[in-house]
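Asks: pasting the sequence and the predicted model now:
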Amino acid sequence: MRTMKKNRIVKASFSLLIMCLALVLTSCGGSSSGASSSKTSKNTLYVGTTNAPAGFNPINETDVAGQWILRMLYPSLLDQPKSLHFQGNLAKSFTTTDNQHYTITLRNAKWSDGKAITADDVAYTLNLIGNPDVETSYGANIARLEGVDDSGKTSSSSTPISGVKVVNSKTLTLTTKAPIDPNYVKEMIGFDLVIVPKHVAEQYSPKDLANSKFTSHPTVSGSAYKFVKYNQNSYVRLKANPTYYKGKAKINNVYIKILTSNTLVTQLKSGSIDMTAGGGISTIPVADVERSLKTDKSLTVKGAPYLQTQYMYINNDKFTNKNMRLAMTYAIDRQAIVKKLFRGEADVLPTSYTKATKYYDSNLKALPYNVAKAKALLKKSGYDGHTIQLIVPTGNIARQQSASLIQQNLEKAGFKVKQVSYDFPTALAKMKSGDYELGLLGLSLNSDPDQTYLYTKAGSMNFGKVNDAKLTQMFSDGLSETSTAKRKQTYDDIQKYMRDQAFTVGLYSDYPFVIQNKNLQGGNNSFWVGSLYDMQDWTKK
Amino acid sequence: MGKYLIKRILIAIPVLLMVTVFCFGMVNLAPGDPSDLYLSQNATQVQKQEMKKNLGLDKPVYVQYVKWLGKTAQGDLGFSFASRTPVAEVIPEKLAATVELLICTLILSYAVAIPLGIICARHQGGWLDNTITGVSFLGVSIPGFFFGLGMVYIFAVELHWLPTGGMSSLGQSSGLLDRVSHIIMPTIVLSLFYCSNMLRYVRSSMIDIFSENYMRTAVSKGLSRKVVLWRHGFRNALIPIITVISSDIPKMLGGAVVTEQIFSWPGLGQLTISSIGSRDYPMLMAINLIAAVGVLICNLIADVLYAAVDPRIRY
């Protein structure tokens, strides 16, 4: 009798516990606030990324993840399936006869709400970027147009850009301040910018646009997918746009999950995601790729050169002696870094130009590892033996590991080096302000070879504090040259000069891995940023 | 009691204010300019100034604080720097996810720890006590991230019994079973420490109580074992247990930061980490405010519970 009563109490307690759990699970969090699935359906694409998008503002997006997702929502004028190989997207044609006046003709296309995409939308987008009241990260993209200053702004919010003229609903012209390489215009305006639906955006005051619903919850799309929901730092949900002019996407739903590197690996292996976003926004340590993912028969793993590079910035204000900078370059065993940390899945580069751009000078060799030469140069440089601080941003594990190798290498050559780690925003702030001696940092570059912003005195990212008249002139020549062949020669000269002056030490360019399930037909290609041009045709088995 | 509660709430207001001043100062003392993070690599100084103005960072810190406080008092937590959405829109969903995880963790931790702690105390020094205490030592010693990754590898990657992370299956109908399957691993990982910790508290409290005179009196009066144990024993052990619970809950919020990262649990922990990385001041301030309010509420509830379980305590 007593045992029966005891059992009843235990059962009742257990039922109560289950009920409590059920109540909590059903009452908290809503029904769809999560980020994973154990099985994936044919009609839904699951993509994993390690970087959360900073909103969906088509004219003010600095993070790569956000820019990548925006391409799924808004159309660009041109596609770029391979580096500097452009093909029409929203633009049927993008032509010039004198490299200064460009005529753009649009194809028949509609926004997801049924309204036609017209030349007015394109002109509106460019004028919005040029409006001094509007927050934008794309000012530099239009800075070569007639009617804007060097930061890409017009003189007042009511002044339209004189270099942008709408001819008719499907045609507009662009005029640059001077003749320029058409590829520059095609990349900076045709490919980098996405077109904004004027009829939606103009409902907001330009000043309020950055904080508006238009940029946080886009309702109208013109590309393959429509925005459905963003659960911050968890996932982005998209749905196929039925009015897309290339045809409705074959995969109806897309979930872009924001995950840590570890979770990305486990979700790839368990089949919970179909592909990684790639391109530096789904970083997985090479050791995990080699050990866990390349051995998985359900996955394809490919690495290829891309536009991202890692540098050791040298503060040229503090290290004015060329011999000292060269000594640092010779002292660092970059091949060993590539071999040990990337198992060969990276390139040692002579400068900041990578193999992914056709302007890379393949005949130019990187300065070799040579401790004896480094010691000789260091002796000649008059190094006072002070301890040099090397700033190492946290977050990128491979970069942090490379810092120890670099420190050992430099000390072997006779430098005294101390590593100082900061979180990324702090490291960036210190390097921007010039409050550092040496610092490690990575950048993702354009296909176009202009790097004025990195190596000239007025450059916004001249963290190396480079101020070299000859180099500035060379970059100016490179930008004003309109022939691709002649530009190539100019930038070959620039690369040789940069290598020999050692303004910065180009460390390595690691290959972003394209990892996807074999069930997915389509996905990223080796020129990652241009991969989405055929997204509507991707399918899952 | 009513007067006491009002007094405590009134005291909580200046405490909260001090917490916000401290947090605002700390957040702003961190080097690095948020405007650098939200501008393109080609941005000019003019664009940077414009961005600072738009984010409200062009004013002195004390002006920014007063402005923030004024808006917060009116229920406006501002705009997230990172996503440019109102903070008040983002927080509820994240808070709900974290609360769900914390409640499940609390239930699991204490449902396991309290009975086991009593069993250990009753069989003090026996093989059962030694085994359970040994396992509990292991529980407080294993780092949560290590245990979590191990569980993911075994139960999700190798055995495919449970999902690797998240809160529900995206793009598929997510019923109760689906939700339960997603919460099992994060709950177990987060519970491990608190369960082991509580077990040791319950055990030592009950051992002390078993040697008290009133326990012997209760037994000699002929009361049943159950009455002696629960009414005379456990009720007296509740005071230290309530203290532990009230301090566990804020600690759990901290523990959830790691657990949420491992299991991609879309809660406040994940949001905190990303907000620190992106110097999202308004979001961080809102999270700090919630955490501070949570701690104050927990302490207040603990005080009320002291009076409820111990008639000697009167306010």
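Replies: Happy to help now that I have it.
Asks: I'd guessed residue B:264 sits against residue A:257; true?
Replies: Yes - using CB atoms under 8 Å, residue B:264 makes contact with residue A:257 at a distance of 7.1 Å. To be clear about C-beta, it is placed using only N, CA and C from the backbone, and glycine gets the same treatment.
Asks: who's more crowded, these two?
Replies: Each of residue B:264 and residue A:257 has its neighbours counted (other CB atoms under 10 Å in any protein chain shown); residue B:264 has more, 31 against 28.
Asks: please report how far that one lies from residue A:272.
Replies: 10 Å (CB to CB, to the nearest Å).
Asks: for residue A:475, same thing?
Replies: Distance from residue A:475 to residue A:272, by CB to CB: 46 Å.
Asks: likewise for residue A:67?
Replies: 25 Å.
Asks: between those two, tell me which one has more neighbours.
Replies: residue A:272 (29 against 20).
Asks: am I right that that one is in contact with residue B:163?
Replies: Yes - under the criterion of CB under 8 Å, residue A:272 makes contact with residue B:163 at 6.8 Å.
Asks: OK, contacts around whichever residue of the stretch 351-500 of chain A sits closest to chain B?
Replies: Residue nearest to chain B within the stretch 351-500 of chain A: residue A:425 (3.3 Å; CB to the nearest CB). With contacts defined as CB atoms under 8 Å, 6 or more residues apart in numbering or on different chains, residue A:425 is in contact with B:30, B:31, B:32, B:33, B:34, B:36, B:37, B:277, B:278, B:279.
Asks: hey, what's residue A:300 bridged with?
Replies: Bridge pairing for residue A:300 (DSSP bridges) gives the partners residue A:516.
Asks: look at it and report its pLDDT.
Replies: In this model, residue A:300 is scored at 92, pLDDT.
Asks: distance check, it against chain B.
Replies: The gap separating residue A:300 from chain B is 19 Å, by CB to the nearest CB, to the nearest Å.
Asks: and that residue, how many neighbours?
Replies: 16.
Asks: wait, it sits on residue A:518?
Replies: Yes - assessed by CB under 8 Å, residue A:300 is found in contact with residue A:518 at 5.9 Å.
Asks: name the element residue A:178 belongs to?
Replies: Under DSSP states H and E, no helix or strand contains residue A:178.
Asks: just give me the neighbour total for it.
Replies: 11.
Asks: check the offset of stretch B:178-186 from the chain's centre.
Replies: 18 Å (CA atoms, centre = their mean, to the nearest Å).
Asks: for the record, mean pLDDT for it?
Replies: Here the average pLDDT along stretch B:178-186 is 91.
Asks: hey, C-alpha coordinates of it in CSV?
Replies: C-alpha atoms of stretch B:178-186 as CSV (Å, rounded to 0.1, in the frame of the first residue of the first chain):
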residue,chain,number,x,y,z
ASP,B,178,11.3,19.1,-32.0
ARG,B,179,11.7,21.9,-29.4
VAL,B,180,12.5,19.3,-26.7
SER,B,181,15.1,17.6,-28.9
HIS,B,182,16.9,21.0,-29.4
ILE,B,183,16.9,22.0,-25.8
ILE,B,184,18.2,18.7,-24.3
MET,B,185,21.9,19.2,-24.8
PRO,B,186,22.2,22.9,-23.9
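Asks: which residue is the nearest non-sequential neighbour of the residue of the stretch 201-315 of chain B found nearest chain A?
Replies: Distances between the stretch 201-315 of chain B and chain A by CB to the nearest CB are smallest at residue B:266, namely 3.5 Å. The shortest distance from residue B:266 to any non-neighbouring residue, by CB to CB, 6 or more residues apart in numbering or on different chains, is to residue A:234 (3.5 Å).
Asks: now residue A:432: how far from residue B:270?
Replies: For residue A:432, the distance to residue B:270 - CB to CB - is 28 Å.
Asks: what residue lies at the spatial centre of chain B?
Replies: Chain B has residue B:253 as the residue nearest its centroid, 2.4 Å off, counting by CA atoms, centre = their mean.
Asks: related to what we said a few turns ago, what secondary structure does the residue of the stretch 201-315 of chain B closest to chain A sit in?
Replies: coil (DSSP: H, G, I helix; E, B strand; the rest coil).
Asks: I figured it hits residue B:94, correct?
Replies: Yes - in terms of CB under 8 Å, residue B:266 counts as a neighbour of residue B:94; the distance is 6.6 Å.
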